[in-house]
Every structure is written in structure tokens, then in C-alpha cells.
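Chemist: give me coordinates for this.
(2 chains)
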Protein chains: 2
Amino acid sequence: VIGDATVMDLHGAELAQQLRPLARAVTLIPFPPGEAHKTRATKEQIEDRLLEEKLDRQGCIVALGGGISLDMAGFVAATYMRGVACVNLPTSLLAQVDACIGGKTGLNTERGKNLIGAVHQPDLVLVDPHYLDTLPRAQWACGLAEMVKHAMVADEDLLGWIEAHAGELVGPPYRSDHHPLLRCARIKAEIVQQDELETGRRRLLNYGHTVGHALELASGHSLDHGRSVALGMLVEGRVATTLTSFSVDELERLRRCLARLDLPTRPPSELPFDALLPYLALDKKRQGGSLRMALPVRVGAMAAAHDTFAVTVPLEQARQAWQDEAAS
Amino acid sequence: VIGDATVMDLHGAELAQQLRPLARAVTLIPFPPGEAHKTRATKEQIEDRLLEEKLDRQGCIVALGGGISLDMAGFVAATYMRGVACVNLPTSLLAQVDACIGGKTGLNTERGKNLIGAVHQPDLVLVDPHYLDTLPRAQWACGLAEMVKHAMVADEDLLGWIEAHAGELVGPPYRSDHHPLLRCARIKAEIVQQDELETGRRRLLNYGHTVGHALELASGHSLDHGRSVALGMLVEGRVATTLTSFSVDELERLRRCLARLDLPTRPPSELPFDALLPYLALDKKRQGGSLRMALPVRVGAMAAAHDTFAVTVPLEQARQAWQDEAAS
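Modeler: This next block holds a predicted model:
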């Protein structure tokens, strides 16, 4: 069982007890929490520990925790003895609705995030909402933003359901009679099955992330991933109103939904668009530069853009959308 | 272009010149030669260099060299930005007939060889016999042993061809009107396509390697991989004469062929079977212990053993075969 020390302290002992009847041996291998420890050095320490414990090719790695734990444990599983079985046990709402499915793993280097990694599908994903009971409320919102994204890219009914249940969804606990976790899992799994290596359709999951990722970095992480993606969806949605059939009414519907989930609805006024520039993957072939974005055509459907699911957006148009949103 | 410093000194400049018209930029990244440097630390240095050179997802890694270079460069390609394109340019006979195909990559740790790695198929394999002109004669024999193995497991005609041309094959240069490289590539590719992750049929390529691998380690590498595999094929062939329809006549045919290729035909008398024990993957469930071996049923065909291609061999039977061979 590999996970960061925070989650291991919370759930490790209970999980080990549950697993012992099923396994010859169960070993808990915690690593220091935080992106700063999602490194090749940490991976090497975990590998040496696995070799010491004599885990062989028939062994199984259980990834316990949020996105960082799943990234680390999944990548260890991908390369230990050229790949061993892996079970994902996501404990955060973000990991449960998104990161636990799709097989992307990755580590950070000094030059950036997730630069070294693999696509290695888990053999089993077990989404157990009881883990959410201990989730800090600040992390809850991250998961809600990705849940809204799943609805926006693939499932208008899910957006309707989120709108109708926003009052209960806005914070923990997760109500076991709710089913959006299952719907999010199905949406993600269906897309990943069609395009595992992200050469086409999987890119639609990047909705909100072109701007969102840059915003997260430009804010020095004072805006977390979920809040950044929420704002990214609005700015990119604004771009869509000028480039696709996506309507201003639909954009306002998205904004109302985010508001009811306590997610931000307006870019921070102190952050000019230019602050994002160092973090945007700018294509300089076009005069003034351009970006690639996954854009909605309506709630629940994305622009195929000749099966690339990446629309070319002139930088000036992105800037205008940012300013329109900041003034909205 | 990633390869060890020895091969980079020999071929790097020429290759870079050939590649420059085809690429935006070509960078040679040598690493220190030898198994001792096939480590995670070396991989990390190469990755940092690639990041420094700003290789992106559209980049391509060219693996230049023998098995060690291909293992290292292939594994770097498998995990750089979650996988980039890879071209294998094998320069040793062993790498050309065997290691360049199949996608197995791996690094050593203090606890053993190839413990961390991935199965990552190259996008192109380019076998150019002109690289063999600079191959030391001692390394030539390694390739011949694997060539004979390919014939033994899958292609009796190839064995006939090797027998007929042994006088020319026994040392460099490789004659360009010869075609066994292509036949070996086809054999290996066909088997790997059927069973990429070695859950069944690919295991037949282990013929000679259960005993051979242990022998290589027990001899402290004074017997190299090729010579160890040659002897492994004889000992395991001897086992086969008692467990399958493989005949003593066929075993003697194999021995004559190895002799004509200047490969050893008898286990070293100073090495008792027990010296191999620490290096054999012994299954202790059975009284006295047992091993798993890929065994021939005749020249060119292997025992399927219920599609596992791994026959259970009591340890005592392996010991007897070793002694029979030592006395042969």
C-alpha cells in the first residue's frame, strides 16, 4: 500500500486490516506529502523498499490517497519489474471523480510537473465515498469543479442533477444515495477507452484546463486546481461563445451552477491576463500567437475540430474573453 | 541520440550527420558504458539533459548501441513525458538478432538486473549490419548463441542454414548477402506480437536462459551471456530428452552446431551444479524444489505445457542433466 503519510495515518491501519485476509503479506509504504515530494528520488526509495520486501511480479500495489498518491504509486506500479498489478483507492473527491481513472501517472522535476511518467491502467479502481468523510472542505471544491467539467463535456443530465442537488453537494459529507461519482467514472472511462493516449477525443477533458492550469501557476497556487479550472471553464466558455455555437445563456447557466457550489465565478481583478502568458503553451506560428483549447458547442458536447478536440484560438481572442469575464 | 560512450565515440558523429537533414535538432547524449551504469541515477541525468534541451512530446529518441544502450534509451523513451517515440539502432550482433525487438527495457539496482523498467515498443527498428564491422570478436559469439536459440525454438530451416554457413558466420564481418538477421527479427516479432507481456508463448524465448542466466552469474560473468546461453541450451536440452520427445540425436546436432560457431559445448568442470543454486528461481512447493524451463520438443518447436511454455522440472532432474552434460 503506497500513499502519502497524511492519508496513511488516517486510513492505512484500517486498510491493512481489511487486506490481510486477502494477501500473503501487507506492507504500508508512506511517503512525505505534497507536490514537492512527488519526485524521482521518492520513487527510488519506494522501489528499494519494495525490493527489500521481496515483492515479486505476482505482487499488487494499492494506491491509496489523492492525486499525488495515485500518481506516485501508479508510476511505481508501471515500472516495478516492468509493471505489476495496481489497485486505485482514491480518497479525495478530485481523485474519485477524475484522477483514479485513465492511467496517467507522473512525477515532477525541477523543470515542471508530471514530466516523467507513464500511462499505466490500474487493474481495479475502487471508489469508496466513506473516505470523503475526512476530506478537508477546501479540497472538496476541487472535486466539484471536475464534476461540473465532466457534465459540461459529456452529460447535460448530470449538470441538471448537480444544479438540483447543489445545496447538498456543496460540502461534505457525501450522501450515499447520491450517484454522481458513478456517472463521472463512466464518463471518464468511456472517453479514455476511446483514446487512451490522448491523441484525439481524450483532449476534450482539457476543457477549462488551458487557462485554468496557467491561472493556477500564475496565482502561485493561491487559486487551487479546482478553483482555477472553474474560472478556466468560464473564460474558455466565453471564447466558445464567439467561436462555436455555445451560447451566452449556457455560459451564464454554468456560472450560476459554479456559484451555487461555492466556486469562483470571476477572474481575480488583481491578476491581468499577461500574468498568465509565461504559463500558456503559446503556438508562435500565427501572428500574435495562438492557443489550443477544448471548447464546448453546447452543455454536454464539445467541438470535435476534425477529431482533434483542440480548437486553435488566437491569443487576442483569449485575452478579450479574460477581460470580458473579469468585467462580467 | 542516447547510447553508451563507447558506441557514441564510434558512430555518434556519423549518425548525427545522417539525422540532421531529417530533424529540427540532433543531440548526442552519451552515458558511461557497462552494466554498472545502467541505473536509475543515469536515467535521471539523461532525463534532465532532455528537459534542458527542451525535447517535447513530438520528439524522438534514437537508441544507439548494444543491449545496455537499448535498455537505457528505451526506458527513458517509455517514461519521458509519459512516453515519446523511439527508434532502435542496434550495433551489436546480440542486439540485432534479439534485444532490439520486443520492447523490454530495464535498469539495474543493487539488488539485481532489470528490476525497474517497462515494456515499451519502439516505433522503428533499423538493423544495419555495417555497425557489426567494429564489433569485438568476443561479442560476436553472444549474438550467434541467440541466433541458434531462435532457430531451436521456432525455425528448423534457420538451423540448417546456420549449419551450412557456420564457417562464414563464426566471426565478423557480416556478409551482406546473408539473411539470418531478418529471419531472427521475424521470429522474435511474431512471438512478441502474440504475447507482448510474456504471459505465455513469449516464454519460449527463455530456452537456455533458466540455466544460462544462473551460469552467467555463478561464473562471475567469466562466461558471458552468449556462452552461458549456449551451455544452458545444452543442459535444458538434456532435460528435454527425458521429459519431452526431444531426442539425443537432436541434442547432439545442437552441440555440433555450437562447436562449429566456436561456442562452448560442455559446462566448465570446475563449476559444480550447486554453485548455480543461489541464482536459480527455485519453486519450493515441491519436495526437493523445482524449476520452470522452456523445453524443446524437437528442433524448431517448443513444449506448450498447456500454453504456459514453462515446464516444471524437479531440481534433481536439472542436476542430473548438468552432470550428464559435464561428462558428455
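Chemist: now residue A:203: how far from residue A:303?
Modeler: According to CB to CB, to the nearest Å, residue A:203 stands 11 Å off from residue A:303. C-beta coordinates here come from the backbone N, C-alpha and C atoms, glycine included.
Chemist: and stretch A:146-162, end to end?
Modeler: By CA to CA, to the nearest Å, the extent of stretch A:146-162 from end to end equals 12 Å.
Chemist: list the buried residues of it.
Modeler: Of the residues in stretch A:146-162, those buried under the neighbour-count criterion (16 or more other CB atoms under 10 Å in any protein chain shown) are A:146-155, A:158-159, A:161-162.
Chemist: what residues does it touch?
Modeler: Contact with stretch A:146-162 is made by A:93-94, A:97-98, A:169, A:180, A:183-184, A:187-188, A:190-191, A:204-205, A:207-208, A:226, A:229-230, A:233, A:253-254, A:257-258, A:261, A:263, A:294, A:296, A:298-302, as judged by CB atoms under 8 Å, 6 or more residues apart in numbering or on different chains.
Chemist: now a PyMOL select for only the buried ones of those residues.
Modeler: Listed next is the PyMOL selection for buried residues among the contacts of stretch A:146-162, using 16+ other CB under 10 Å:
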select buried, chain A and resi 93+94+97+98+169+180+183+184+187+188+191+204+205+207+208+226+229+230+233+253+254+257+258+261+263+294+296+299+300+301+302
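Chemist: which ones among the contacts of stretch A:146-162 lie within strands?
Modeler: Taking DSSP state E as the definition of strands, the contacts of stretch A:146-162 contribute A:296, A:298, A:301-302.
Chemist: which ones are touching the closest residue to chain B within the stretch 151-300 of chain A?
Modeler: For the stretch 151-300 of chain A, the nearest residue to chain B under the criterion CB to the nearest CB is residue A:197, separated by 7.7 Å. Contact criterion CB under 8 Å, 6+ apart gives A:119, B:83 as the residues in contact with residue A:197.
Chemist: now the helices: where do they sit in the stretch 51-200 of chain A?
Modeler: The residue ranges that make up the helices of the stretch 51-200 of chain A, judged by DSSP state H, counting those that start in this stretch, are A:67-79, A:93-94, A:137-154, A:156-164, A:166-169, A:180-194.
Chemist: redo those helices as JSON lines? Include mean pLDDT.
Modeler: Compiled in JSON lines, those are given as follows (pLDDT from 0 to 100):
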{"stretch": "helix A:67-79", "mean pLDDT": "98"}
{"stretch": "helix A:93-94", "mean pLDDT": "94"}
{"stretch": "helix A:137-154", "mean pLDDT": "94"}
{"stretch": "helix A:156-164", "mean pLDDT": "96"}
{"stretch": "helix A:166-169", "mean pLDDT": "91"}
{"stretch": "helix A:180-194", "mean pLDDT": "94"}
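Chemist: do the biggest strand by length in chain A and chain B meet?
Modeler: In chain A, ranked by residue count with DSSP E as the criterion, the top strand is strand A:112-119. Yes: using CB under 8 Å from any CB of the partner chain, strand A:112-119 comes into contact with chain B via A:112, A:114-119.
Chemist: I'd like the residues you listed laid out as TSV, including pLDDT and neighbour count.
Modeler: What follows is the residues of strand A:112-119 next to chain B, written out as TSV (pLDDT from 0 to 100; neighbours: other CB atoms under 10 Å in any protein chain shown):
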residue	pLDDT	neighbour count
A:112	87	11
A:114	92	17
A:115	95	20
A:116	98	25
A:117	98	25
A:118	97	21
A:119	96	17
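Chemist: one step back: so the longest strand of chain A versus helix B:67-79, what angle?
Modeler: Following axes from the mean of the first three to the mean of the last three CA atoms, to 10 degrees, one obtains 110 degrees for the angle between strand A:112-119 and helix B:67-79.
Chemist: contact residues of chain A facing chain B?
Modeler: So chain A meets chain B at A:40, A:44, A:47-48, A:51-52, A:75, A:78-83, A:104-106, A:109, A:111-112, A:114-119, A:197 (CB under 8 Å from any CB).
Chemist: 7 Å - rerun?
Modeler: Taking CB under 7 Å from any CB of the partner chain, the part of chain A that reaches chain B is made up of A:40, A:44, A:47-48, A:51, A:78-83, A:104, A:106, A:109, A:111, A:115-119.
Chemist: list buried residues within those.
Modeler: When these are checked for burial by 16+ other CB under 10 Å, the buried set is A:40, A:44, A:47-48, A:51, A:78-83, A:104, A:106, A:109, A:115-119.
Chemist: my guess is residue A:288 contacts residue A:318, does it?
Modeler: No: applying CB atoms under 7 Å as the test, residue A:288 and residue A:318 come out as separate, 10.6 Å apart.
Chemist: what about the two, which has more around it?
Modeler: Here residue A:288 and residue A:318 are compared on neighbour count by other CB atoms under 10 Å in any protein chain shown; more neighbours surround residue A:318, at 25 against 11.
Chemist: contact partners for the more buried one?
Modeler: Listed by CB atoms under 7 Å, 6 or more residues apart in numbering or on different chains, the contact set of residue A:318 reads A:239, A:291.
Chemist: is it in a helix, a strand, or coil?
Modeler: Under DSSP: H, G, I helix; E, B strand; the rest coil, the three-state class of residue A:318 is helix.
Chemist: quick one: stretch A:111-127 to chain centroid distance?
Modeler: On the basis of CA atoms, centre = their mean, to the nearest Å, stretch A:111-127 sits 11 Å off its chain's mean C-alpha point.
Chemist: show me the contact partners of that stretch.
Modeler: Surrounding stretch A:111-127, the residues in contact under the criterion CB under 7 Å, 6+ apart are A:40, A:74-75, A:77-79, A:83, A:85-90, A:96, A:100-101, A:103-109, A:181, A:185, A:196-197, B:47, B:51, B:78-83, B:118.
Chemist: how long is it end to end?
Modeler: Stretch A:111-127 has its terminal residues 33 Å apart, counting by CA to CA.
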